[in-house]
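Student: Give me coordinates for this.
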Amino acid sequence: MSGKTANAISGWTLRIAATAALALGALVASPGEALAQNLFAPVVKVNDDAVTAYERSQRMAFLRILRAPGDIGELATEQLINEKLQIREAERMGISLTDEELLEGMENFAARGNLDVEQMFTFLAQAGIATETFRDFVSAGLLWRKVAQQKFVGQVNLTESEIDLAYAEAEPTTGQKFLLTEIVLPASSDASLNASMQRAERLAQITDEEEFSRSATRFSVEATRLNAGRRDWVDLQAMPAEVQGILRNVGEGQTSRPIFVEDIGVIVYYVRDRETITSTSVGTLLEYAAFLIPGGTSEGAAAEAARIRGEVDTCDDLYPIARGLPEEQLIREELPTGAVPASYRAELANLDPGEVSTRLTTGNARVFLMLCNRRNDVPDSVSRAQVATALQNRRVGALANDYLTELRAQAHIEYLR
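Tutor: Model prediction:
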């Protein structure tokens with residue numbers, strides 16, 4: 001465990017007692033209420049577990065600051081029932097979290113509100129919410145995600161056409177881009193990983209940009225060491241998932257904690273600058289093929305167009321037909337909609353991928369016009385692999401939701417009050 005992580009984890013236990021006492025004091029403001037209500041009595045039994053009045057009141061307070069819609073009491077109760085089932089299922093499958101995973105999960109959640117974990121703890125304490133309430137909420141979600149991945153990833157088989165369709169519909173989202181200096185250390189074996197983590201801990205203490213750059217030149221095994229570790233602007237979405245969660249909480253002029261990324265190594269980043277990406281405007285790209293058939297409006301050209309239409313299903317099928325012909329007879333390109341020739345654009349607007357129009361002529365040729373693909377003009381940072389991962393996660397999430405419904409149906413749930 002890293003020094004920073006150990007300090008953060010040990011810091012939780014100190015704050016847990018203080019914030020729990022604060023929360024309890026807020027909830028039992030008068031002696032009469034304290035006598036009338038046992039906050040630690042069960043309000044719902046879930047098999048051999050129980051949801052207490054204290055847990056429910058804490059979750060309700062947490063949901064209020066998140067501005068959750070609907071009946072807060074009912075939502076809190078149902079969430080806690082689900083989490084009891086999710087945690088038990090994780091235990092049954094032998095699934096647990098490391099301290100680092102839990103800390104990273106809390107960092108990611110806090111970052112949604114532009115807070116770090118320490119700021120999140122303070123914010124919650126001011127609202128009378130114990131740190132352990134936040135910790136348990138995040139922990140249950142992370143455990144269930146692990147259950148879903150282990151149980152259902154092997155059942156999700158995506159086809160290339162499904163990924164193509166999802167990528168075509170992808171849109172950029174608001175996010176962040178970073179100007180980074182990096183140090184990448186080797187981790188090809190357990191011994192090198194341990195040595196690199198120890199060195200990375202020391203490098204993570206560097207706060208001077210020039211000193212960090214000198215260390216990159218000296219220690220990094222990545223090609224960027226030839227440029228003192230400096231990288232150009234990079235969209236956060238283009239970074240590995242492990243890196244995204246850490247960098248969200250690193251400000252300009254700060255150094256990240258060490259990050260292990262499989263097949264890359266142990267990485268430490270110095271953030272030279274960062275910006276928020278606010279534009280989400282999306283254009284459309286049209287990929288089309290235009291095969292020019294000599295003869296224009298003649299019956300022979302029309303017959304040849306009909307013959308070709310019967311032989312092709314995709315734009316790729318036109319290449320054998322054009323083999324040996326002048327290169328300019330087959331045009332295939334992908335352009336922003338506004339850059340496509342007006343006559344082609346009007347025809348393509350009425351086509352789906354794989355469909356054909358033979359109505360146009362140009363010079364003395366009939367145009368066999370085929371739409372290959374129509375997709376959103378997403379930035380390079382939104383890769384096909386990322387779209388495939390997101391699609392897989394949605395499928396896994398749907399299967400996990402169905403499984404949770406089964407667990408609830410099989411459970412003994414008793415509402416006490």
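Student: Mind jotting down where the strands sit in the stretch 301-417 of the chain?
Tutor: In order along the chain, the stretch 301-417 of the chain carries the following strands (DSSP state E, counting those that start in this stretch): 330-336, 356-357, 361-362, 365-376, 413-415.
Student: what is the orientation angle of the longest one with strand 330-336?
Tutor: Between the axes of strand 365-376 and strand 330-336, defined by axes from the mean of the first three to the mean of the last three Cα atoms, to 10 degrees, the angle is 30 degrees.
Student: Quick one: residues in contact with whichever helix or strand Tyr54 is part of.
Tutor: According to DSSP states H and E, Tyr54 maps onto helix 53-65. Helix 53-65 is contacted by residues 23-24, 27, 37-43, 72-73, 75-77, 79-80, 123-124, 127-130, 133-134, 137 when judged by Cβ atoms under 8 Å, 6 or more residues apart in numbering. Using the backbone N, CA and C atoms, a C-beta is placed for each residue, glycine as well.
Student: swap in stretch 252-261?
Tutor: 2, 4-5, 187, 193, 197, 200-201, 203-207, 209, 212, 240, 242-243, 246-247, 250, 266-274.
Student: Could you spell out which stretches of the chain belong to which domain?
Tutor: 3-155+406-415, 173-277, 284-376 (automatic domain parsing).
Student: a markdown table please, covering the ones you listed and showing distance to Asp164, mean neighbour count and mean pLDDT.
Tutor: Putting these into a markdown table (distance: least, Cβ to Cβ, whole Å; neighbours: other Cβ atoms under 10 Å; pLDDT from 0 to 100) gives the following:
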| stretch | distance to Asp164 | mean neighbour count | mean pLDDT |
| --- | --- | --- | --- |
| domain 3-155+406-415 | 21 | 16 | 80 |
| domain 173-277 | 19 | 17 | 89 |
| domain 284-376 | 7 | 15 | 91 |
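Student: CSV for those, including distance to Leu391?
Tutor: Output for the domains of the chain, formatted as CSV (distance: least, Cβ to Cβ, whole Å):
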stretch, distance to Leu391
domain 3-155+406-415, 12
domain 173-277, 15
domain 284-376, 15
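Student: of the ones you listed, which approaches Ala390 most closely?
Tutor: Nearest to Ala390 among the domains of the chain is domain 173-277 (10.4 Å), distances taken as Cβ to Cβ.
Student: Restricted to strands, list the contacts of stretch 252-261.
Tutor: Val266, Ile267, Val268, Tyr269, Tyr270, Val271, Arg272, Asp273, Arg274 (DSSP state E).
Student: hang on, the earlier thing: skip ahead from the helix holding Tyr54 and say which helix or strand is next.
Tutor: helix 72-92.
Student: Next SSE downstream of that following helix?
Tutor: helix 99-111.
Student: pull the CA atoms of the helix or strand just after that following helix into PDB?
Tutor: For helix 99-111, the succeeding helix or strand toward the C-terminus, using DSSP H and E, is helix 117-126. Listed next in PDB are the C-alpha coordinates belonging to helix 117-126 (Å, rounded to 0.1, in the frame of the first residue of the first chain):
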ATOM      1  CA  VAL A 117     -11.900  13.100  -1.000                       C
ATOM      2  CA  GLU A 118     -10.900  15.400   1.900                       C
ATOM      3  CA  GLN A 119     -13.300  18.100   0.700                       C
ATOM      4  CA  MET A 120     -16.000  15.500   0.300                       C
ATOM      5  CA  PHE A 121     -15.500  14.300   3.900                       C
ATOM      6  CA  THR A 122     -15.800  17.900   5.100                       C
ATOM      7  CA  PHE A 123     -18.900  18.500   3.000                       C
ATOM      8  CA  LEU A 124     -20.600  15.400   4.300                       C
ATOM      9  CA  ALA A 125     -19.700  16.100   7.900                       C
ATOM     10  CA  GLN A 126     -21.300  19.600   7.600                       C
END
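Student: tell me the angle of helix 117-126 relative to helix 53-65?
Tutor: 110 degrees.
Student: Show me what helix 117-126 is packed up against.
Tutor: Packed against helix 117-126, as judged by 3 or more Cβ pairs under 8 Å, 6 or more residues apart in numbering; DSSP states H and E, are the following elements: helix 3-27, helix 53-65, helix 99-111, helix 131-152.
Student: Distance check, Val268 against Ala216.
Tutor: Using Cβ to Cβ, to the nearest Å, Val268 is found at 9 Å from Ala216.
Student: any common contacting residues for those two?
Tutor: Counting by Cβ under 8 Å, 6+ apart, the residues touching both Val268 and Ala216 are Glu182, Ile183.
Student: thinking again about what came up before, from the chain's centre, how far out does the helix holding Tyr54 sit?
Tutor: Relative to the centre of its chain, helix 53-65 is centred 27 Å away, using Cα atoms, centre = their mean, to the nearest Å.
Student: longest helix in the chain, by residue count?
Tutor: helix 384-410 (DSSP state H).
Student: what helices or strands is that helix leaning on?
Tutor: Counting by 3+ Cβ pairs under 8 Å, 6+ apart, helix 384-410 packs on helix 72-92, helix 131-152, helix 160-168.
Student: where's Phe178 relative to Ile206, distance?
Tutor: Phe178 is 17 Å from Ile206, by Cβ to Cβ.
Student: cool, and Asp235?
Tutor: 25 Å.
Student: Likewise for Lys177?
Tutor: Lys177 is 23 Å from Ile206, by Cβ to Cβ.
Student: do the same with Arg135
Tutor: 30 Å.
Student: can you check Val46 too?
Tutor: Val46 is 49 Å from Ile206, by Cβ to Cβ.
Student: and what of Asp317?
Tutor: 57 Å.
Student: Repeat that for Glu287.
Tutor: Distance from Glu287 to Ile206, by Cβ to Cβ: 47 Å.
Student: ok, now Ala228?
Tutor: Where Ile206 is concerned, Ala228 sits at a distance of 13 Å (Cβ to Cβ).
Student: same question, Pro294
Tutor: 69 Å.
Student: ends of stretch 54-74, how far apart?
Tutor: End-to-end span of stretch 54-74 (Cα to Cα, to the nearest Å): 15 Å.
Student: Would you mind listing the buried residues in the longest helix of the chain?
Tutor: Across helix 384-410, burial judged by 16 or more other Cβ atoms under 10 Å covers Gln386, Val387, Ala388, Leu391, Gln392, Arg395, Val396, Leu399, Ala400, Tyr403, Leu404, Leu407.
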